[in-house]
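[1] A structural model of the following input is requested.
(one chain, ligands or ions: 1)
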Amino acid sequence: MAQPPLNPDGSLLSARALALSYGAPVGLWRRAERQRVLSDVNLSIAPGERVALVGRSGSGKTSLLRALLAIEALDDGEIECQSRRVYPGSTAALRWYRRAVQYIPQDPAASLDPRMSVLRQVCEPLLRLCDERAPAARACEALALVGLGLEFHDRRRGELSGGQAQRVTIARAIAPRPQLVIADEPMSGLDLPIRRQVGEVLRHLSEAEGTALLLVSHDLAAVALLCSRILVMSEGRIVEDRPTRELIAAPRHPATRALVEAARATQPGPSPAPWCCERL
Ligand SMILES: Nc1ncnc2c1ncn2[C@@H]1O[C@H](COP(=O)(O)OP(=O)(O)OP(=O)(O)O)[C@@H](O)[C@H]1O
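    Okay, the predicted model is just below:
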């Protein structure tokens, strides 16, 4: 894949001082208060890098994804990608960004249109974002990359297993050849062999196509094998941002320690085992 233009700091995507709050109604007669869910969030992602964003439920991971996807009006902050400003700015002028940064949502089945064939679902972003001359050919390529052959092309959502539906959402995200794929809990709700399969598809994508990945999970073990860097969120802030091996060997923040303990408890074999460093 051709090298994309980078930000002045060498990153593909960078976010500075992001702050976000939501309106939270507190009662019939009282004014709505705003709940701060992101505070002073800074991050950057290099081309081809695989980064995990982990944290307990409610720590702000999905809110940060929505901010990075430029679908939230922030209180403050800046987002830059490929040396172009993403936020603040007009969201109507972000067609280039919608192509460069693709999203894999948390619930694959819900994000697929039950009336559309698999092939059509994968063609759809190519037609909407890419002016692709041969969308079907590119869609077939993307489906082949996730291991879905011709026999799946005419199926509808109801004719797919959970793992197959997840692979369709991955194919749909990678078909426009994005520079970055952001995936929200891409392995949750899948059984172990399918999780492995989806993990391998994502690894292959980044290794073969040079696509950067930002994978969100509340489960450190699910993403540590795949990612070389981990961002830990707690109460709307990034409290650690370190290489995976280092972070697991010596977690500093209490939120990181809790995630490492929880992940160790789910691993088979003697503890402490080098459970998440096998392939790093
Ligand atoms: N649209 C919204 N309006 C008001 N509050 C919201 C909204 N979306 C999220 N929140 C609140 O923002 C906080 C962060 O939520 P968020 O979904 O970002 O967390 P999360 O880390 O992704 O959680 P999970 O792992 O459970 O998906 C929570 O307190 C949540 O209740």
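
[2] next SSE downstream of the top helix by length along the chain?
    Once the chain is assigned using DSSP state H, the helix that runs over the most residues is helix 192-209. Next along the chain after helix 192-209, taking DSSP states H and E as the criterion, comes strand 212-217.

[3] okay, the angle between that following strand and helix 192-209?
    Here strand 212-217 points in a direction 160 degrees away from that of helix 192-209 (axes from the mean of the first three to the mean of the last three CA atoms, to 10 degrees).

[4] next one: strand 212-217 to chain centre, how far?
    From the chain centre to the centre of strand 212-217 is a distance of 4 Å (CA atoms, centre = their mean, to the nearest Å).

[5] how about the longest helix of the chain: buried residues?
    194-195, 197-199, 201-203, 205-206 (16 or more other CB atoms under 10 Å). Glycine gets a C-beta too; all of them are placed from N, C-alpha and C.

[6] so for it, mean pLDDT?
    The pLDDT scores in helix 192-209 average 81.

[7] could I get the buried residues of helix 192-209 as a markdown table with distance to residue 250?
    Formatted as a markdown table, the buried residues of helix 192-209 follow (distance: CB to CB, whole Å):
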| residue | distance to residue 250 |
| --- | --- |
| 194 | 32 |
| 195 | 27 |
| 197 | 32 |
| 198 | 29 |
| 199 | 25 |
| 201 | 31 |
| 202 | 27 |
| 203 | 26 |
| 205 | 30 |
| 206 | 26 |
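
[8] neighbours of residue 167, just the number please.
    When neighbours are defined as other CB atoms under 10 Å, residue 167 has 25 of them.

[9] give me the secondary structure label for it.
    The three-state label given to residue 167 by DSSP: H, G, I helix; E, B strand; the rest coil is helix.

[10] okay, the closest residue to the ligand within the stretch 101-250 of the chain: pLDDT?
    As assessed by CB to the nearest ligand atom, the ligand sits closest to residue 218 within the stretch 101-250 of the chain, at 4.7 Å. Looking at residue 218, its pLDDT reads 83.

[11] just residue 26 next, same as before
    Predicted confidence (pLDDT) for residue 26: 62.

[12] can you tell me how far residue 48 is from residue 214?
    Distance, residue 48 to residue 214, using CB to CB, to the nearest Å: 12 Å.

[13] ok, these two, which is more surrounded?
    residue 214 (24 against 18).

[14] could you find the closest non-adjacent residue to the more buried one?
    Among residues not flanking residue 214 along the chain, residue 182 sits closest, at 4.7 Å (CB to CB, 6 or more residues apart in numbering).

[15] who's in contact with the one you found?
    65, 68-69, 101-104, 213-214, 216 (CB atoms under 8 Å, 6 or more residues apart in numbering).
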